[in-house]
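Novice: Next come a sequence and a model predicted from it.
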Amino acid sequence: QLQLVESGGGLVQPGGSLRLSCAASGFTLDYYAIGWFRQVPGKEREGVSCIKMSDGRTNYADSVKGRFTISRDNAKTTVYLQMNSLKPEDTAVYYCAASYGISFRGIFPYEYDYWGQGTQVTVSS
């Protein structure tokens, strides 16, 4: 079974940057779409960005456009989320997830089949 492991979270000051990684265990991700989501206590999980591994097509939530960039490595085993110009409202647990197929009409948790355990991102001075 596909397993995903996130890393790269931490504490950063407003305006700073972090790069999150999502690594697949024992599988390549050629036939999947990978999404990044975030969640704060008491709120629904929010879609942040996604990438279709076969052709690199991407999508972003309006709240992160121009600040976050999703990418994949050449081996298609790891997906990255480069987060720049971070704001306190970006504070959340960030999850990556894999899907056999997504619509690209949005970034919806229900379209994803496998989830990582999450990594905390805290933006604070």
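Specialist: Perfect, I can see it now.
Novice: When you work out contacts or count neighbours from here on, use the C-alpha atoms and nothing else.
Specialist: Will do.
Novice: and residue 29, how many neighbours?
Specialist: When neighbours are defined as other Cα atoms under 10 Å, residue 29 has 24 of them.
Novice: Dihedrals phi and psi, it?
Specialist: phi -110, psi 20 (degrees, to the nearest 10).
Novice: in the protein, which spans are strands?
Specialist: 3-7, 10-12, 18-25, 33-39, 46-52, 58-60, 68-72, 78-83, 92-99, 114-115, 119-123 (DSSP state E).
Novice: Return the set of residues that bridge with the most centrally placed residue in the chain.
Specialist: Taking Cα atoms, centre = their mean as the criterion, residue 36 is the residue nearest the geometric centre of the chain, at 2.2 Å. Counting by DSSP bridges, residue 36 forms beta bridges with residue 49, residue 96.
Novice: How about the contacts made by it?
Specialist: 47, 48, 49, 50, 81, 94, 95, 96, 97 (Cα atoms under 8 Å, 6 or more residues apart in numbering).
Novice: What of residue 125?
Specialist: 12, 13, 14.
Novice: ok, 7 Å please
Specialist: Contacts for residue 125 (Cα atoms under 7 Å, 6 or more residues apart in numbering) come out as 13, 14.
Novice: just residue 114 next, same as before
Specialist: 2, 97, 98, 99.
Novice: Compute the number of surrounding residues for the residue nearest to residue 20 when sequence neighbours are not counted.
Specialist: Of all residues not flanking residue 20 in the chain, residue 8 sits nearest, at 4.5 Å (Cα to Cα, 6 or more residues apart in numbering). By other Cα under 10 Å, the residues close to residue 8 number 16.
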